[in-house]
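Undergrad: Sequence and computational prediction follow.
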Amino acid sequence: MQKTNAVITVNGQDKVGIISTVSGILSKNNVNIANITQTIMQSFFTMVMMVDISEMSTDFEALTKELEIAGEDLGVQIRIQHEAIFNSMHRL
Amino acid sequence: MLSTLSTGEVFETLKMIDEEHLDVRTITMGINLLDCASANPERACNKIYDKICRRADKLVQVGEDIEKEYGIPIINKRISVTPISLVAAASDTDNYLPFAAALDRAASEVGVNFIGGFSALVHKGYTDSDRILIKSIPEALASTEKVCASVNVASTTAGINMDAIEQLGRTIKSAAELTASTGGLACAKLVVFANAVEDNPFMAGAFHGTGEPETVINVGVSGPGVVKAALTGVKGADFGVVAETIKKTAFKVTRMGQLVAQEASRRLDAPFGIVDISLAPTPEVGDSVAYILEEMGLEKCGTHGTTAALALLNDAVKKGGTMASGYVGGLSGAFIPVSEDAGMISAVQEGALSLDKLEAMTCVCSVGLDMICVPGDTPASTLSGIIADEAAIGVVNNKTTAVRIIPAPGRKVGDVVEFGGLLGTGPVMPVNKYSSEGFIARKGRIPAPMHSLKN
């Protein structure tokens, strides 16, 4: 099956359990994590996660919603977008 | 590929969307209506309504889906149709209001916010149908919500139809009077063109030209805020750097438009036409073309140097955008609608920007005198004179120009007209106090200009 990649971005105040919560949601929905880049600058948490959604057990909209709600609980912003938007802008 | 995107690149895109108002301004579906012609006008209107509803039923849904999946705002979903003067020509009627009503109902049914194509192309002369259509414009625009009208009155190869320009001065006046309670709102839905293009996705001047396929997807991108932010990063640098910075930014913005256009085309099963690489401002602070010009070092948009700044901007946007898309078309350039641009509004109110300077600016940018409010007592012949000047600029310079002007009933210079939404707020600007009456009364056609002996 062809890979469909998406980019998950998280930013906000750092706290315990952000990665664990996000990866828990992904694992539950059969979304594979391919790469994580994470930094903390002055307690500001920034994470970019590349994931493969080609075999996810839910639909994109439901996953978006679930991540958004988790973000609200954690006090951070969590977004998921198809990778193509970034590739088209930054890669020839 | 996963590993090749850096965090910086990902957040650069997000910052453009979150803070710099990057968006896809419109996905516009063009629909051919020539097959809806019928001698029975009622039957023609039913066919038009049915065809639009059938072809565009998924347009809004697809736009919203792409918006969610890619995380890129898509502000408008719109429809352009074959000029109604062509479609209605076969019908036995001298009143095209039912056609406007059918377009309006179809637009509401499929959920788009504007439908363009209540149009006539009369650059060389009128057909009987063109006459009926233009006569119907004021009431059609006053009695519908989403219908946009346009008339092409001049072209580089045909010259300038001064009969049409004379009539449109009066048409604009009566459209304003019929919608006096909303500041003459109907005029915001009427564009008078020279060298109109067949694939423009932007309203109010969009129509589906006769050289276009059965259906087509055209996408208009925007991003004045992104260009402004990029220029803030190169403060004081020379114009080579300025042009290069704008080109790179326009490239990125257009790539996103290309992606959305291809995806929309695939999902809607309609061929991809063009990406229109225009910088289209909105009334939001930070989404202004005037602020880009001011970022280049002008104290206020409209002062000396503004035309040069706009020429550079317009050219660099095209150069950057052209490589980013397979097909570029429409109006592609920088728009300077006064009421839709916070920086332009402020420049007018501070006395920095005049109608004459705007006219000069239209020589080097995308369209023309756009969303300009003038006093309600402006004579029709003065409006016609303004249109004639703008048409001359387009015809001689082989480019599209347009006039969308609102003689706001009861308003005087210095008043402000609130249109609301994307149409914004128009400060009423002074016009020349001397008459153009005798010039406009001559009528006839100004011949096409020379295309050799260029000097």
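TA: Here it is on my side, so go on. Numbering: from 1, shown residues only, chains lettered A, B, ... in the order given.

Undergrad: Please count neighbours and contacts with C-alpha atoms only from this point.
TA: Will do.

Undergrad: Next, count neighbours for residue 92.
TA: Because you didn't say which chain, this covers chain A. Residues lying near A:L92 (other Cα atoms under 10 Å in any protein chain shown) number 7.

Undergrad: hmm, I had chain B in mind actually
TA: 12.

Undergrad: Isn't it up against B:R43?
TA: No: B:D92 is beyond contact range of B:R43, at 10.9 Å (criterion: Cα atoms under 8 Å).

Undergrad: Chain A: helices as residue ranges?
TA: Ranges of helices within chain A are A:18-28, A:60-74, A:84-90, based on DSSP state H.

Undergrad: So for chain B, which of those helices sits nearest?
TA: Closest approach to chain B among the helices of chain A is made by helix A:84-90 (4.8 Å; Cα to the nearest Cα).

Undergrad: Now do that closest one, average pLDDT.
TA: Averaging pLDDT along helix A:84-90 yields 90.

Undergrad: which strands and helices sit next to that helix?
TA: Other helices and strands packing on helix A:84-90, by 3 or more Cα pairs under 8 Å, 6 or more residues apart in numbering or on different chains; DSSP states H and E, are helix B:7-19, helix B:239-268.

Undergrad: Kindly format the C-alpha coordinates of that helix as CSV.
TA: Extracted in CSV, the C-alpha atoms of helix A:84-90 (Å, rounded to 0.1, in the frame of the first residue of the first chain):
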residue,chain,number,x,y,z
ALA,A,84,1.9,17.5,0.8
ILE,A,85,1.3,21.1,1.9
PHE,A,86,4.8,21.4,3.3
ASN,A,87,6.5,19.5,0.5
SER,A,88,4.8,21.5,-2.1
MET,A,89,6.0,24.7,-0.5
HIS,A,90,9.6,23.7,0.4
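
Undergrad: what's around B:F118, how many residues?
TA: Counted with other Cα under 10 Å, residues neighbouring B:F118 total 33.

Undergrad: Test my guess that it contacts B:C148.
TA: Yes: the pair B:F118 and B:C148 passes the contact test of Cα under 8 Å, sitting 6.1 Å apart.

Undergrad: distance of the residue lying closest to B:G183 once chain neighbours are set aside from B:P271?
TA: Distances taken as Cα to Cα, 6 or more residues apart in numbering or on different chains put B:A408 closest to B:G183, at 5.1 Å, once the chain neighbours are dropped. For B:A408, the distance to B:P271 equals 40 Å [Cα to Cα, to the nearest Å].

Undergrad: what's the answer for B:V367, then?
TA: 26 Å.

Undergrad: Now the helix or strand containing B:D50: average pLDDT?
TA: Element membership of B:D50, judged by DSSP states H and E, is helix B:41-55. Mean pLDDT, helix B:41-55: 98.

Undergrad: could you say what helices and strands that helix packs with?
TA: Against helix B:41-55 (3+ Cα pairs under 8 Å, 6+ apart) you get helix B:97-110.

Undergrad: where's the helix it packs on relative to the chain centroid, distance-wise?
TA: Distance of helix B:97-110 from the chain centroid (Cα atoms, centre = their mean, to the nearest Å) equals 20 Å.

Undergrad: what residue ranges in the chain score low on pLDDT?
TA: Unless you meant another one, I'm taking chain A. A:1-2 (pLDDT under 70).

Undergrad: think we crossed wires, I meant chain B
TA: B:1-4.

Undergrad: Around chain A, pick out the residues from it.
TA: B:1-3, B:5, B:7, B:9-10, B:13, B:68-71, B:251-253, B:255-256, B:259 (Cα under 8 Å from any Cα of the partner chain).

Undergrad: Kindly recompute the last result at 6 Å.
TA: Proximity of chain B to chain A (Cα under 6 Å from any Cα of the partner chain) is limited to residues B:E69, B:Y70, B:G71, B:K252, B:R255.

Undergrad: give me every residue that touches the residue of the stretch 351-455 of chain B found nearest chain A.
TA: With Cα to the nearest Cα, the shortest gap between the stretch 351-455 of chain B and chain A falls at B:S366, namely 23.9 Å. Contact analysis of B:S366 by Cα atoms under 6 Å, 6 or more residues apart in numbering or on different chains lists B:L331, B:G333, B:A334, B:F335.

Undergrad: Restricted to helices, list these.
TA: Using DSSP H, no member of those falls within helices.

Undergrad: which among the residues you listed end up buried?
TA: By neighbour count, with 16 or more other Cα atoms under 10 Å in any protein chain shown, these hold B:L331, B:G333, B:A334, B:F335 as buried.

Undergrad: got the phi/psi numbers for the last one?
TA: The main-chain torsion angles of B:F335 are listed as degrees, to the nearest 10 and equal phi -90, psi 150.

Undergrad: wait, doesn't it sit right on B:P281?
TA: No: judged on Cα atoms under 6 Å, B:F335 makes no contact with B:P281 at a distance of 7.1 Å.

Undergrad: Now for the closest residue in space to the residue of the stretch 351-455 of chain B closest to chain A that isn't next to it in sequence: which residues touch it?
TA: Counting by Cα to Cα, 6+ apart, B:S366 lies nearest to B:G333, which is 4.5 Å off, once chain neighbours are set aside. By Cα under 6 Å, 6+ apart, B:G333 lies in contact with B:S278, B:N314, B:S366.

Undergrad: Just to be sure, which of the residues you listed are found in helices?
TA: B:N314.

Undergrad: Need the contacts of B:G333 in TSV (columns: distance to B:S129).
TA: Formatted as TSV, these follow (distance: Cα to Cα, whole Å):
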residue	distance to B:S129
B:S278	33
B:N314	37
B:S366	30
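
Undergrad: circling back to that earlier point, just name the most buried of the helices of chain A.
TA: helix A:84-90 (a mean of 21; mean count of other Cα atoms under 10 Å in any protein chain shown).

Undergrad: what does that helix rub up against?
TA: Here helix A:84-90 makes contact (Cα under 6 Å, 6+ apart) with B:Y70, B:K252, B:R255.

Undergrad: Neighbour-wise, which one of those leads?
TA: B:R255 (28 neighbours).

Undergrad: just checking, that residue touches B:A324?
TA: Yes: under the criterion of Cα under 6 Å, B:R255 makes contact with B:A324 at 5.1 Å.

Undergrad: chain center to stretch A:80-92, what's the gap?
TA: Mean-position distance between stretch A:80-92 and its chain equals 14 Å (Cα atoms, centre = their mean).

Undergrad: I figured the residue nearest to B:G183 hits B:L185, correct?
TA: No: using Cα under 6 Å, B:A408 is not in contact with B:L185; the gap is 8.3 Å.

Undergrad: Neighbour count: these two, which is higher?
TA: A side-by-side neighbour count of B:A408 and B:L185, using other Cα under 10 Å, places B:A408 first with 30 against 26.

Undergrad: Which residues lie in contact with the more buried one in this structure?
TA: Contacts of B:A408 by Cα under 6 Å, 6+ apart are B:G183, B:G184, B:P375, B:G376.

Undergrad: That's all I had, so thanks and see you.
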